[in-house]
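Return atomic coordinates for the entry below.
(chains A and B)
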Amino acid sequence: MARAESKVKENPNDVSATASLALESPQAALPEPFAGWFRKRRWHPHAHQLELLAKVSEGRDALLIAPTGGGKTLAGFLPSLVDLARQGHRPKPQARSAIHTLYVSPLKALAVDIARNLSTPIEEMGLPIRLETRTGDTPPSRRARQRISPPDILLTTPEQIALMLSHKDAAELFGSLKIVILDELHALASSKRGDLLALDLARLRTHAPELTAVGLSATVARPYELAAFLVPHKGQTTTRLAEIVTAREGAKADISILKSEAELPWAGHSGRYALSEIYEAIKAHRMSLMFVNTRSQAEMLFHELWRYNDANLAIALHHGSLDVGQRRKVEAAMVAGKLRAVVCTSTLDLGIDWGDVDLVINVGAPKGASRLAQRIGRANHRLDEPSKALLVPANRFEVVECQAALEAAEEGAQDTPPSRPGALDVLAQHVLGTACAAPFDPDQFYREVVSASPYQGLTREGFDKVVEFVATGGYALANYDRYAKLKRTPNGRYRIAHPKIAQQYRLNVGTIVEAPMVRVRLARLKAGALKPASMLAPGRVLGEVEEYFIEQLTPGDSFAFAGEILRFEGLRELDAIVTRTHTTEPKVPSYEGGKFPLSTYLADRVRRLLAESGSWSRLPDQVSHWLRFQADVSVVPGPDEILVETFPRGKKHYLVCYPFEGRLAHQSLGMLLTRRLERAGAAPLAFVANEYALAIWGLNDMGEMVRTGRLDLTKLFDEDMLGDDLDAWLASSSLMKRSFRVCAIISGLIERRHPGQEKTGRQMTVSSDLIYDVLRQHEPDHILLRAAFADAATGLIDVGRLNQFLQRIRGRIRHIALSQVSPLAVPVMLEIGRESVPGEASETLLRETVEELIAEALSGHAQRKA
Amino acid sequence: MLNAKLDLMPESAPSLRSHILVSNHEMRPLAAGALYWEAEDTLLVADLHLEKGAAFAALGMLLPPYDTRTTLERLHKVIRAAEPSRVVALGDSFHRSHLAESLAEDDLAMLIRLQQGREWYWICGNHDPHLPACIGGTICTTLTINGITLRHEPSGNGSGREIAGHLHPVARIARRGSVIRRRCFATDGNRLVMPAFGAYAGGLNVLDEAFGSLFLRNRLEAWMMGRADVYPVLGSLLLPD
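Modelled structure (predicted):
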């Protein structure tokens, strides 16, 4: 009941029943006017809120770990509010000239949301505190004013802090900073944005040595990694940790897997088979959030749900590509309780409170235990009521994955990605930004950089290389001394060579490199007029899609977007011109797999679940029958071995293996294995990978080759494939080129925008692919290629995971030669034809184009003759 | 019947055609991006954009400085293979005229070595209107050989019979869900626009307006550069960017 009065939505202290959890006399710990304000609302502060307040007040860095709904945000701000209130009671000195508290959030929307919620207690208690937000959307005039007359509390994003730190007045602006609050730290750490944030935190500490850092996080697997993030380090030898305050666990979530009457699909990710049951679940609840893994899946399911929607329930769509205005409308309707369901992607994952959700539906596999826990946390934003969630696996393997995730959730197990060394391209950007503010001394600056936890292990040599890269490009054979961006001063400091360098830096700051996007714009004329796109009158923008998606379309193709079916008419400049169409079956965007690979932890649980036949009874009958059938005709692999099946089909011979390491690692494995099979004489033709398995097919009988000793599986799966074979593949891999592009942009090698050329920026660019080719040929050890490889190894090509896998299965390969496809192989075999072929593919396609053309030309002629 | 077949696909299927006809002169496109005119023993290249990396460095983007070397090595390779008695560079050989004077010593030496034993012509382009004498060869604005005019910017006049550069043509096709975008020789049999040769030279889709009325649309062919072969693709199969 108190909840209705509360504007601080995350505050769970709304039920008097929680009194037992509060301290004996909270008033003793909370000063006025806070104690009075809590009393008036009949709220009791949580133990963790008071504990955090006590620690931070003593100037100790602290990490608060609290599940969703644990009053995390208010807890994080209490120390700042209390300190500011105390200062305000003193006779007021002159207007403050510096920021007291910086609040950093990964999302712009979150900063704005928190600002709104926080202003209520500030106003009600009459606190003399100025609170402002600063994001990419803040007008330049207001940003300038914020630097002259800063607010007490500034709510902002990591990129904005980097920008503010690059100005000459940074030392003054942050000189008396007391507290930094890093919200949703689990979402930032272990990413490039987290690296930038860690470097900025180290910089802030140089300006304000007395600074206290407060981290707020959801439950994570390794809290000590986040605790290390918050404190300054002295090189590699010592690892200090911030104090950890852990909130009481909330009520256990009530999770179930949808029991569908329909036949479980063998492959695919749509979840379409269960729509009528999903619809019934939506009907039975006040408000449901339906999470899916990709945008295209969201579009498709939203569209299909409306076909079932006889009761005309208010069902909306929300994903990152939609126009901002449209997203805000949906969000407002959610908060106002006007919707019954929202189909959404991970854009709604993070901690924003969207209203009274009482059911979370997760379609497809959750991919990770922590991800599932976060999503489930969206339901019933209160600590003491169980969240309710329904898992809808889209195929048989996903049933097993959902069961493993459910068991992990019951145990409260987590699988946050492990931390990795800070990215060098991010450091390069930070070096330039630091020089923009003032000349830096390399010795002092090195000590500052290694005080940031991701860079703790950075050697002086590595640091110097990065500085050299920023200064002159760091090339071994030729150099650009005459064009250097940084120059040494007589006393050994680095300064920027020209003021325009600072201008360039500020236009290109940040670590988020979006895939090139194309606006989707509705044409005002009706379709069917068969006019070229350039003749249609442009109408409103519906949102943005990745350029590569539009590239696949030819005019006339239909696709689902923004909840409608649209016809692609053509491209005009950066707009894809579309019209509405009445087609009922759109050519849905090709599904990109789960964007998030199956986590190592969850993969391990899936393997164990499969290996113990006793646990199959926990799975739906259809799935346990399928596994028993597999055990009859082949085997179900044990938890630490890899099953390799070979069988003929049609005129081809197949080799299927089941690493359970996620699609990305499987694709890399497929690339490498086909190279090796080629050398072994198996004449492989192509391969296909899904989240669980890899299938390779070729002209020769690989089972027979193993039997006769011409193919040695142990050698085939040997770790040495990560040497020369990997190198050779990467030389031409488009995945490496994609990684390189991101590193080149973040490090400042190529610019997103050039001063004075914001609009015609395209002319200023050199294709990063061309740069990659040249650099790789002449200086394969260049720091930027190393950075790109490090990224790809953990991301797009997932070599790290592949390496672990190859070690794990050493000596544990189990080969079964079959006469036909096994039940376990069916899902991956069904993927064949959905993916393109590797290797010489594009040369083959070019040749094919020509040959097909010849055939067409000749047949066209024959018809004419007839 | 035979004639009609020849119109559509002059050589027998499925082997690739190896010659482009420009105003009835046979030209052989090489996968490296050069055009070899056998009858004249002449090798044509366009848009080398040497020192483009340095030009960008001056603007604060410190691109790898190996582009000039890469381009010269490619040129060396293709000249060694064809051993032509004449080489013509169709303009924009240098990204900036003045950068030709500050070419690294070994790069300049390599360039001079390539010129030995053959005629060498530099046609001026919009990027390099004032080339210095130190780079050797003959500097000119256009060159006509056996009725074919070689120039930097295509003239757009109706008569054609020219080979030009400047536009950096690339062609895009989509097959089985993959998109392939490659540098290409663009021709309608009367005029030909060469692909850019330089390591850092970008590309412009042949369907872009800039190519406007240069080609007869129904005769347009894009000879797309593969790894070892050049693939002729009919204009009707091409996609815009």
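
confidence score at A:V706?
Reported pLDDT at A:V706 in the predicted model: 94.

packing partners for the one helix or strand it maps to?
With secondary structure defined by DSSP states H and E, A:V706 is part of helix A:702-707. Using 3 or more CB pairs under 8 Å, 6 or more residues apart in numbering or on different chains; DSSP states H and E as the contact test, the elements touching helix A:702-707 are strand A:642-649, strand A:652-657, strand A:813-817. Bear in mind the C-beta positions are built from the backbone N, C-alpha and C, glycine included.

and the longest one, which residues are buried?
It stands for strand A:642-649. By neighbour count, and taking 16 or more other CB atoms under 10 Å in any protein chain shown as the criterion, the buried residues in strand A:642-649 are A:I642, A:L643, A:V644, A:E645, A:T646, A:F647, A:P648.

Identify the spatial nearest neighbour of the residue of chain A found nearest chain B, chain neighbours not counted.
Distances between chain A and chain B by CB to the nearest CB are smallest at A:G473, namely 3.4 Å. Taking CB to CB, 6 or more residues apart in numbering or on different chains, and ignoring the residues beside it in sequence, A:G473 has B:L62 as its nearest neighbour in space, at 3.4 Å.

Backbone torsions only: list them for that neighbour.
phi -90, psi 70 (degrees, to the nearest 10).

which ones are touching it?
Residues counted as contacts of B:L62 (CB atoms under 8 Å, 6 or more residues apart in numbering or on different chains) are A:T472, A:G473, A:Y480, A:Y483, A:K485, A:L749, B:F56.

And A:R295, by the same measure?
For A:R295, the contact set (CB under 8 Å, 6+ apart) comprises A:H319, A:G320, A:S321, A:T345, A:P589.

which residue sits closest to it in space, ignoring its chain neighbours?
A:H319 (4.7 Å).

name the element the residue lying closest to A:S768 once chain neighbours are set aside belongs to?
In space, and not counting its chain neighbours, A:S768 is closest to A:R741: 4.0 Å by CB to CB, 6+ apart. A:R741 is part of helix A:734-746, with elements assigned from DSSP H and E.

so how far is that helix off the chain centroid?
What separates the centre of helix A:734-746 from the centre of its chain is 17 Å, taken as CA atoms, centre = their mean, to the nearest Å.

just checking, what packs against it?
Identification of packing neighbours for helix A:734-746 by 3+ CB pairs under 8 Å, 6+ apart yields helix A:424-437, helix A:768-778, helix A:783-794.

re the thing from before, what is the burial count for the residue nearest to A:S768?
A:R741: 21 surrounding residues under other CB atoms under 10 Å in any protein chain shown.

swap in A:R524?
Taking other CB under 10 Å as the criterion, the count of residues near A:R524 is 11.

Does it touch A:G539 like I think?
Yes - with contact defined as CB atoms under 8 Å, A:R524 reaches A:G539; the gap is 4.3 Å.

Can you check the pLDDT for B:A13?
38.

for B:L167, same thing?
In this prediction, B:L167 carries a pLDDT score of 95.

Can you classify it as helix, strand or coil?
The three-state label given to B:L167 by DSSP: H, G, I helix; E, B strand; the rest coil is coil.

list the contacts for the nearest residue to B:T138 once chain neighbours are set aside?
Counting by CB to CB, 6+ apart, the nearest residue to B:T138 once its immediate chain neighbours are dropped is B:Y121, at 5.1 Å. Contact criterion CB under 8 Å, 6+ apart gives B:R86, B:V87, B:V88, B:A89, B:G137, B:T138, B:I139, B:C140, B:L143, B:L150 as the residues in contact with B:Y121.

do that again at 6 Å, thanks
Contacts here follow CB atoms under 6 Å, 6 or more residues apart in numbering or on different chains; on that basis B:Y121 touches B:V88, B:T138, B:L143.

If anything else comes up later, I'll come back, but that's it for now.
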